[in-house]
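> here is a sequence with its predicted model. Questions after.
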Amino acid sequence: MRVALFITCVNDTLFPDTGKAVVTLLRRLGCEVEFPEAQTCCGQMHANTGYRDEGVRLARHFLDVFAGYDAVVTPSGSCAAMVREQYPKLAAGMGATRPAAFASAHAGRSPFARAVAETAPKVHDLSEFLVDVLGVTDVGAYFPHRVTYHPTCHSLRGLRVGDRPAALLRNVRGLELVPLPGAEECCGFGGTFAVKNAAVSSAMCADKVANVMTTGAEVLCAADNSCLMHIGGTLNRQRSGVRVMHLAEILASTEAER
């Protein structure tokens with residue numbers, strides 16, 4: 001498959017090793033991976049804070065850059081949800097609509113709507129792509145550590161990835177996966193929410209960290225580095241000894257590399 005890596009702003013700026021891990025993993029599984037250098041922000045921050053016109057401009061650019069690929073894979077449930085769930089709404093200019101229904105209903109309308117219908121369904125969170133598109137849950141990874149998994153809000157409620165990440169982690173040799181109490185509770189990041197509502201955000205993160213500490217895990221894993229950055233900051237300030245790692249980095253690990 002000809003696959004494009006959609007790195008996202010946070011990963012490109014702060015966590016480039018996550019993007020490298022995605023490329024390593026997908027190439028190991030036989031994919032032809034490309035990195036379109038013209039990619040920019042998907043427009044999530046703009047659309048979520050009321051700057052619809054700016055969000056649409058970025059969405060149009062995204063669709064131009066990623067047109068023609070068999071699949072677009074991103075290590076971010078948040079940004080994947082933006083493209084799959086919010087782009088159809090931006091194109092429709094009205095209330096909620098599901099991507100599949102949008103694709104059939106709007107295929108003959110504006111160029112923007114047609115581009116959304118063509119490309120948005122091909123955008124996948126990493127775990128979705130591995131399990132649903134490639135049909136694998138054992139990627140040949142090795143990671144001999146005790147790990148707990150935090151399902152981020154966009155992957156859980158927007159993309160509905162379910163237990164796909166857990167299924168992938170359970171097949172990593174040497175890894176002990178332990179359940180996280182209150183796993184489905186938000187960590188308090190929420191993008192600009194953490195800035196606008198800092199006290200509430202910090203309190204939510206404190207609850208999440210307290211739950212992480214009960215697991216005895218060495219590593220907290222998630223599919224969004226923005227949430228891991230938020231939780232990891234509190235873990236670090238508390239000198240917890242727990243490190244955070246993106247799902248892609250664990251799945252890209254092999255016994256030969258250790």
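That came through fine. Numbering: from 1, shown residues only.
> distance between stretch 183-191 and the chain's centre?
Here stretch 183-191 is found 14 Å from its chain centre; the criterion is Cα atoms, centre = their mean, to the nearest Å.
> one more: stretch 221-238?
14 Å.
> and for stretch 249-258?
Worked out by Cα atoms, centre = their mean, stretch 249-258 lies 20 Å from the chain centre.
> and what of stretch 30-46?
13 Å.
> quick check: buried residues in it?
Neighbour-count burial for stretch 30-46, counted by 16 or more other Cβ atoms under 10 Å, picks out 31, 33, 36, 39, 41, 42, 43, 44, 45, 46. Quick note: C-beta positions are derived from backbone N, CA and C, even for glycine.
> what do you get for stretch 251-258?
Buried, per 16+ other Cβ under 10 Å, within stretch 251-258: 251, 252, 253, 254.
> now do stretch 168-175
168, 169, 171, 172, 175.
> find the nearest non-adjacent residue to the third one, please.
With sequence-adjacent residues excluded and distances taken as Cβ to Cβ, 6 or more residues apart in numbering, residue 171 is closest to residue 138, at 4.0 Å.
> ok, longest helix in the protein?
Longest helix of the chain, by residue count under DSSP state H: helix 198-215.
> show me the contacts for the most centrally placed residue in the chain.
For the chain, the residue sitting closest to the mean C-alpha position, by Cα atoms, centre = their mean, is residue 76 at 1.7 Å. Residues in contact with residue 76 (Cβ atoms under 8 Å, 6 or more residues apart in numbering) are 6, 8, 10, 11, 125, 223, 224, 225, 226.
> which ones among those residues map onto helices?
Here DSSP H is the test, and the contacts of residue 76 give 10, 11, 225, 226 as lying in helices.
> list only those of the residues you listed flagged as buried.
10, 11, 225, 226.
> tell me the two of those that are most distant?
Spatially, the most separated pair among those is 11 and 226, at 9.0 Å (Cβ to Cβ).
> do a quick rundown of the helices in the stretch 1-150 of the chain.
Listed in chain order, the helices of the stretch 1-150 of the chain (DSSP state H, counting those that start in this stretch) span 9-14, 16-28, 44-48, 52-65, 77-81, 87-92, 99-106, 111-119, 126-128.
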